[in-house]
Every structure is written in structure tokens, then in C-alpha cells.
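Student: Need coordinates for the following:
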Amino acid sequence: MKLSNLANVLRAAGLTVVESPGWATRGYAGQDLAEIRGILWHHTATNRAAYAKSNAPTLAMCLNGRPDLPPPLCNIVFARDGTVHLAAAGVANHAGAGSAPGIPKNMGNHYLIGIEMESSGVAPWDWTEDQIRVAPHLGAALERAYLGGIPEDLRLQLGHKEYSSQGKIDPAGWPGDMDGLRASINAVLNGSAAIAPQGTTTSKDWFDMASEADLRKVVKAEIAAANPWGYKNPNLEKDDAYALLRAARTYAVKSNAELAALKDIVGQLAKAQGTAIDYARVDAIVKDNLAAGVTVDVNVNGNK
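Tutor: The predicted model follows:
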């Protein structure tokens, strides 16, 4: 079977759904699911730096696969802001080796809907308030639509780590672990919760919750990505926020969004350290050149 009505099912439950092109006919080797017997929850293990630029940076990989694993890699990608991205209506390569009640050994892909939730999967846990708020509604909507004909004790809402025989740890750090998620799903099924409209939450993202040490790691990763000359500073951990910004030397600015991503990360570190950074000159240079339709290297201290 295919999850052909998945978009309608989730929208009817109040979720924000994005349909990836071709999702409704996509399945590994053109295969349909044998039967739906449960939901398998994963985390993406994505580098935190990627979340500065996208709520669902792993989506493309889930659609296109990896060198060691053909696509699709899940049925649903669950974004940082609670958006549900549909990836495949048929079989997806997500479960790997493992077993669960009612699931033939190593056949989870054919019986379990795979959800990849965007998270680094390492402490400090970076689940967003939107994810924690919406995930139970996602699980409940899937259970209502696809597991209604199965006895309640066999309706599986499993973490990958509970199914896998390969030592998987996902989804790591969910509040209350999988028992907590299952309890939240059951609360929704019992009618005791509702989704608030997106944008009304005062959710905190990872940057709000991260320690200064966490922020430094992300800044170093961004500097490495943005530095075309391979600049290295052995004393980077000792530098203050402004020095870290200057250590990036130049940033090849192609859009306001690219500059904003770097600035946001370093700005968060500056705030944590009580250091003021003046971006006015940098903004003016970038704005002028973007308006002219050119790409320029802009020194982060404001000089061309």
C-alpha cells in the first residue's frame, strides 16, 4: 500500500504540511508498503550549524539518499518549526536491521512509517518547543489513520533504538524518552491537547538554550566553512566574540541570508559574553553590492 492520503490526513489534524515533489509515488525500488503496523521515530543527527540556515536541512538527503543508502530515507521529515515534509508514500530505507512485535525480522521498512526529526542528537538536547508541541499530534494523526484496525497493544510508536539490533540511539534526548512521547501521543488521542497556530508559540531554538561552550563550537564550524583561506587560530577558544568574528577574515556574501546566518551565531556568542558588535558598516556594504547584483568579499570589520 501507499500512504496516498497522507497529506490530507495530516492537514485534517491541523498540521502544517509541505509536499515534496514526487512524494506520492516515491518508494524504494518502486515498492509499496506491505502493511502499516507502526511508526518509527528517528533523529537526523544533523550538525547544529545547519539549523541556522534551514528548519529542515536534511530533507534533500532524505529525498536523494546517501552513497551508502539509496533513497528515500524516510516517509516524513519533521522540521525544527514543526512543519511536516512528506518525502515518500512507499517503502523508505530508514529502519535497518531489527525487530518488534508483529514486524518480521529486518523488515521494518515495509511495515513502519519512518519519521526523521531534525535534531543533532547530542547533548545538550536541542529539540525545539515547536517539535515537542507538534510531534504528539503527528503521532496521533498517523495512529488514527493507519493503525485503527490493529489491537491497541500492537499499535507501535517506537524509537529507532527500541527496534534496532545495530545499537542505534535515536531519538536521543526527547523529554521523557519514548515513554514520554507515547504518553503525549495518548493524551492527544484521548482529546486532552490541541495544536496552537504556528507562529503563536514563544519557542526557543537551540541558540537560546545553548551554553557559551556550545556556541563557541558552532562559531568555529561556521568560521571553517566561511573561511576560503583556511585561517587557523590555535587560541580560538580564548578569543572573545569580536575576535572570533574577525577571525573569519572575509565572508563571500551571496545573499543577506548568508551573512545573517554567520552574524546570528556570532551575535549570540557576543550576547553571552556581554560583548557589543557593530554590524552597521558591514550591512551597508553588503546592501549596496547586493543591490548592484554582484557578489563581493566583505571584511567582517566593515572594510572592503
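
Student: What ranges in the protein fall below the confidence cut-off?
Tutor: Judged against pLDDT under 70, the low-scoring parts of the chain cover residues 192-304.

Student: in it, which spans are helices?
Tutor: 6-12, 59-64, 129-146, 160-163, 177-189, 206-209, 212-226, 241-247, 256-273, 280-291 (DSSP state H).

Student: and the second one, which residues are buried?
Tutor: Looking back up the chat, that one is helix 59-64. Going by neighbour count (16 or more other CB atoms under 10 Å), the buried part of helix 59-64 is 59, 61, 62, 63. Yep, even glycine has a C-beta here, placed from its N, CA and C like the rest.

Student: With respect to residue 26, which of these is nearest?
Tutor: Nearest to residue 26 among these, counting by CB to CB, is residue 63 at 7.8 Å.

Student: Contact partners for that closest one?
Tutor: Residue 63 makes contacts with 20, 26, 71, 72, 73, 87, as judged by CB atoms under 8 Å, 6 or more residues apart in numbering.

Student: distance of the nearest residue to residue 141 once chain neighbours are set aside from residue 103?
Tutor: Residue nearest to residue 141 in three dimensions, not counting chain neighbours: residue 13, with 3.7 Å by CB to CB, 6 or more residues apart in numbering. Noted for residue 13: a distance of 25 Å to residue 103, by CB to CB, to the nearest Å.

Student: More neighbours: which of the two?
Tutor: residue 103 (23 against 19; other CB atoms under 10 Å).

Student: Please name the bridge partners of the more buried one.
Tutor: residue 100 (DSSP bridges).

Student: ok, it touching residue 37?
Tutor: Yes. Using CB atoms under 8 Å, residue 103 is in contact with residue 37, at 6.1 Å.

Student: Find the residues that touch each one of those two.
Tutor: Common neighbours of residue 103 and residue 37 (CB under 8 Å, 6+ apart) are 111, 112, 156.

Student: how about the residues you listed in a markdown table, adding distance to residue 1?
Tutor: Output for the shared contacts of residue 103 and residue 37, formatted as a markdown table (distance: CB to CB, whole Å):
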| residue | distance to residue 1 |
| --- | --- |
| 111 | 11 |
| 112 | 13 |
| 156 | 17 |
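
Student: Let's see if you can find the most crowded of those.
Tutor: residue 112 leads the shared contacts of residue 103 and residue 37 on contacts (other CB under 10 Å) with 26 neighbours.

Student: Run a quick check on that one versus residue 95, I expect a contact.
Tutor: Yes. Between residue 112 and residue 95 there is a contact under CB under 8 Å: 5.7 Å.

Student: Find residues that contact each of the two.
Tutor: Between them, residue 112 and residue 95 share the contacting residues 40, 163, judged by CB under 8 Å, 6+ apart.

Student: Show me the domain layout of the chain.
Tutor: 6-189, 210-299 (automatic domain parsing).

Student: how long is the first one from one end to the other?
Tutor: What it means is domain 6-189. When the termini of domain 6-189 are compared using CA to CA, to the nearest Å, they are 18 Å apart.
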